[in-house]
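Enquirer: coords please:
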Amino acid sequence: MRLNTCKLKPFILVLIPFSLAVFSSCIPYKSIDIQTLKPAELNIPKNFVQPVVVAGLYKGIEGVEESMAQAAIDSTAALEAVLVLTESLNQSPLFADIDIPVVVNYRHDTSKKIIPYNWQTVDSIAADNNADLLISLEYIKLTPVVDGYSYWDGSLNAYYGYLSYNIYAYWRVYDTYTRKISATYLYQDTLTWEKYDYTPVKVGYQLPGFFSAASYCGYEIGVDYASKIAPTWMNEKRVYFSKGSKEMRKAAEYVQENQWLDAASTWQQILQNNCSNSKLCAHAAFNMALANEILGNFDVALEWLNESDNFQKIPETDWYRNILELRIKVLDLL
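Expert: Got it, this is the predicted structure:
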C-alpha cells in the first residue's frame with residue numbers, strides 16, 4: 001500500500017495543471033473591458049451652450065456665535081459641493097470641454113420653504129456669466145452631533161466618541177430658454193466618524209475637525225448630484241472569438257493593440273475566404289458586431305449578429321443582441 005500511495009501523488013500533481021491547461025485551451029474567445037455610458041437619472045436640458053454652477057449661501061446673524069458658526073460650516077460644505085460637482089461634470093461627455101464657472105449667491109429669504117430664485121435673479125446671474133443654464137445648490141444644512149462615553153474594556157478605562165453630520169441639501173436646474181425648472185433633488189444623509197481610544201475622544205484630535213468633516217460632506221453632495229444629472233462612463237465586459245485559424249489569432253493581436261480597423265479587415269477576409277466553414281464565419285461575423293459597437297455603429301453591429309446567425313447559430317449572439325438593443329435604447333435617453 002505504501003508503494004501505490006507514493007506513485008499516485010506525483011500523478012495527481014501532474015494531472016491537475018495539465019487538465020487546467022487543456023480546459024483553458026478549449027475556450028475559443030477572450031474578454032475585454034470597454035466603457036459605455038450610463039444615462040443620468042434626472043433629466044436636464046441638452047441644448048445648453050454655457051452652464052454656471054451657483055452656491056446659494058446664507059449669512060449668519062451678526063453677534064450670534066452659534067449662528068455664525070453654523071453659517072461657516074454650511075458654507076464650507078456648499079463651496080466644496082459646487083467645486084466637486086463642476087469637476088465631476090467635466091468628466092461627463094455632456095459637459096466635456098466646457099469651462100463651468102462657479103459663483104456664490106447669498107440668499108436673504110427667511111421662508112421655511114426653499115423658494116426658487118425669481119427669473120430676474122436667474123437672468124442676472126446668467127448674464128454675468130454668459131450662461132444659459134443654472135445648476136443651483138439652493139440650500140444646505142449640516143447639523144453636527146457629538147457624543148461619547150467611557151467604559152471598562154476589561155483591563156483599562158477606555159473611551160468612545162463620534163462626530164455625526166445630518167445633511168440636508170437641495171438642488172435645482174434653471175433653463176433660461178424655456179423658463180422651466182428641472183432636476184430638483186433633495187439629498188439627505190448622515191455621515192459619522194467614530195473612534196475608540198484610551199484617552200477622551202475629541203473633535204479635531206482623534207476625530208476630524210468640524211470644518212474638515214463639513215468639507216467631506218460637501219464632496220459627497222457634489223459627487224452624488226453629478227451622477228444624477230450627467231451621463232457617466234461605466235466599465236463593461238465583452239467577448240470576442242480569438243481561435244479557429246491563423247487569421248483569427250492575428251485579428252486577436254490587433255484587438256489587444258486596440259487596432260479595431262485592422263482586426264475588422266482581417267475578419268472580413270475570413271468571411272470572404274472561408275464560406276464553407278460555417279462555425280468560423282459565425283465567429284468572425286460575431287467579432288464584426290463587436291468592432292462596430294466599439295466604433296459606435298450599433299445598428300450595423302446588430303446586422304452583423306444576424307449575419308452570424310445565418311452562418312451558424314451560436315449561444316453568444318442572443319446575449320450580445322440584448323446588450324446592443326439596450327445600448328440603443330440608452331442612447332435615446334442621452
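Enquirer: when you work out contacts or count neighbours from here on, use the C-alpha atoms and nothing else.
Expert: Fine.
Enquirer: contacting residues for the residue nearest to the spatial centre of the chain?
Expert: What sits nearest the mean C-alpha location of the chain, by CA atoms, centre = their mean, is residue 232, with 5.2 Å. Going by CA atoms under 8 Å, 6 or more residues apart in numbering, residue 232 touches 37, 38, 39, 40, 91, 92, 93.
Enquirer: for the residue nearest to residue 146 when sequence neighbours are not counted, which three-state class applies?
Expert: Using CA to CA, 6 or more residues apart in numbering and skipping the chain neighbours, the partner closest in space to residue 146 is residue 163 (4.7 Å). Following DSSP: H, G, I helix; E, B strand; the rest coil, the label given to residue 163 is strand.
Enquirer: and residue 163, what does it touch?
Expert: Applying CA under 8 Å, 6+ apart to residue 163 gives the contacts 144, 145, 146, 147, 192, 193, 194, 203, 207.
Enquirer: with just CA atoms, put the host helix or strand of residue 219 into CSV.
Expert: Applying DSSP states H and E as the criterion places residue 219 in helix 210-229. C-alpha atoms of helix 210-229 as CSV (Å, rounded to 0.1, in the frame of the first residue of the first chain):
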residue,chain,number,x,y,z
PHE,A,210,-15.9,70.3,12.2
PHE,A,211,-14.7,72.1,9.1
SER,A,212,-12.8,69.1,7.7
ALA,A,213,-15.8,66.9,8.2
ALA,A,214,-18.1,69.5,6.6
SER,A,215,-15.8,69.6,3.6
TYR,A,216,-16.0,65.9,3.2
CYS,A,217,-19.8,66.1,3.4
GLY,A,218,-19.7,68.7,0.6
TYR,A,219,-17.6,66.3,-1.5
GLU,A,220,-20.3,63.6,-1.1
ILE,A,221,-23.1,66.0,-2.0
GLY,A,222,-21.3,67.2,-5.2
VAL,A,223,-20.4,63.7,-6.5
ASP,A,224,-23.9,62.4,-5.8
TYR,A,225,-25.6,65.2,-7.8
ALA,A,226,-23.2,65.0,-10.7
SER,A,227,-24.1,61.3,-11.0
LYS,A,228,-27.8,62.2,-11.1
ILE,A,229,-27.8,64.9,-13.8
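Enquirer: what average pLDDT does that helix get?
Expert: Helix 210-229 shows a mean pLDDT of 97.
Enquirer: what's next to it, contact-wise?
Expert: Residues contacting helix 210-229 (CA under 8 Å, 6+ apart): 40-44, 73-74, 76-85, 88-89, 142, 165, 167, 169, 183, 187, 191, 203-204.
Enquirer: do the same with stretch 235-252
Expert: Applying CA under 8 Å, 6+ apart, the external contacts of stretch 235-252 come out as 28-36, 262-264, 266-267, 270, 280, 283-284, 286-287, 290.
Enquirer: can I get the buried part of those residues as one ChimeraX selection?
Expert: The following ChimeraX line selects those of these that are buried, judged by 16 or more other CA atoms under 10 Å:
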select :263,264,266,267,270,280,283,284,286,287,290
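Enquirer: the strands in the stretch 1-150 of the chain, which residues?
Expert: 29-38, 51-57, 102-106, 133-152 (DSSP state E, counting those that start in this stretch).
Enquirer: winner for burial among those strands?
Expert: strand 51-57 (a mean of 23; mean count of other CA atoms under 10 Å).
Enquirer: quick one: list the elements packing against that one.
Expert: Under the contact criterion of 3 or more CA pairs under 8 Å, 6 or more residues apart in numbering; DSSP states H and E, strand 51-57 touches helix 65-89, strand 102-106, strand 133-152.
Enquirer: dump these to TSV, plus distance to residue 325.
Expert: Output for the helices and strands packed on strand 51-57, formatted as TSV (distance: least, CA to CA, whole Å):
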stretch	distance to residue 325
helix 65-89	27
strand 102-106	39
strand 133-152	32
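Enquirer: quick one: what helix or strand has residue 169 in it?
Expert: strand 157-175.
Enquirer: strand partners of that strand, parallel vs antiparallel please.
Expert: Partner strands for strand 157-175, per DSSP bridges, with pairing direction: strand 133-152 (antiparallel), strand 180-197 (antiparallel).
Enquirer: just the buried positions in it, please.
Expert: For strand 157-175, the neighbour count (16+ other CA under 10 Å) marks 158-165, 167-175 as buried.
Enquirer: also stretch 301-311?
Expert: For stretch 301-311, the neighbour count (16+ other CA under 10 Å) marks 301, 302, 303, 304, 305, 306, 307, 308, 309, 311 as buried.
Enquirer: and the next helix or strand past the helix holding residue 219?
Expert: Heading C-terminal from helix 210-229 (DSSP H and E), you reach strand 232-241.
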